[in-house]
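Peer 1: build me a model:
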Amino acid sequence: MADLFSGEFMAVFMEEWNKEPDLADALSKIDFNSTIGYGFDGEDDPKGVLVIENGKAVKGEAFSGQELNWDLRCSEDQWKKWISKPPGMMGLGMAYTSRKIKFKVGDYGAMVKEPRMAGPFIKSFSVMGRV
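Peer 2: Numbering: from 1, shown residues only. As a prediction, the model looks like this:
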C-alpha cells in the first residue's frame with residue numbers, strides 16, 4: 001500500500017471512489033461538489049486531497065494548497081483502524097464527540113443530519129480500505 005494519503009494513495013482512492021455506486025452515484029444525485037482534505041491530527045496541512053464534481057472524484061492528489069470544503073483529521077492509527085474495519089454511524093459519532101476525528105473545515109453536524117450525505121460519507125471509509 002502507498003503511504004497513507006500520498007499522491008499515489010489518493011489517485012487509487014479516486015479510482016475506487018468512482019467504482020462505488022453507493023458513493024459516487026449517490027452523491028451525483030444531490031449534485032455534490034467538494035474538495036476534501038485528508039490528514040493527520042496535529043499537522044498544519046492535510047496530506048491528500050480528493051476533488052469531487054457531481055459526485056465523481058476527478059482528482060486525487062497530494063495537498064498543494066488547494067482551498068478545501070472539508071478537512072478531515074485523525075491520528076494515523078485511527079485512520080488505519082478505520083481502513084481495516086470501517087466505522088458505522090454510531091462509531092463515527094462517538095469518534096467525533098471524543099475528538100478522535102476532527103473536521104478542521106466542514107460541518108459534521110450538518111452532514112450527519114443529511115442522510116444523502118451521511119451514508120456516502122460512511123461508505124467512503126470502506127472504499128478507502130480498497131486502496
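
Peer 1: list the buried residues in stretch 97-111.
Peer 2: 100-101, 104, 106, 108 (16 or more other Cβ atoms under 10 Å). Any C-beta I mention is one placed from the backbone N, CA and C, and that applies to glycine too.

Peer 1: meant to ask about stretch 37-50, not that
Peer 2: Here stretch 37-50 shows 37-41, 46-50 as buried, counting by 16+ other Cβ under 10 Å.

Peer 1: now intersect those with the strands, please.
Peer 2: Counting by DSSP state E, the buried residues of stretch 37-50 place 37-40, 48-50 in strands.

Peer 1: helix/strand/coil for residue 5?
Peer 2: coil (DSSP: H, G, I helix; E, B strand; the rest coil).

Peer 1: mind checking how far it is from residue 71?
Peer 2: Residue 5 is 12 Å from residue 71, where distance means Cβ to Cβ, to the nearest Å.

Peer 1: mutual contacts of those two, please.
Peer 2: Jointly contacting residue 5 and residue 71 under the rule Cβ atoms under 8 Å, 6 or more residues apart in numbering are 39, 46.

Peer 1: more neighbours: which of those two?
Peer 2: residue 5 (25 against 19; other Cβ atoms under 10 Å).

Peer 1: quick check: the more buried one touching residue 38?
Peer 2: Yes - counting by Cβ atoms under 8 Å, residue 5 does reach residue 38; the two are 4.8 Å apart.

Peer 1: identify the contacts common to those two.
Peer 2: With Cβ under 8 Å, 6+ apart, residue 5 and residue 38 have common neighbours 46-48.

Peer 1: helices along the chain, start to end?
Peer 2: 7-19, 26-28, 76-84, 89-97, 108-112, 115-128 (DSSP state H).

Peer 1: mean confidence for the second one?
Peer 2: In other words, helix 26-28. Helix 26-28 comes out with an average pLDDT of 93.

Peer 1: and what of the first one?
Peer 2: Averaged across helix 7-19, pLDDT comes to 96.
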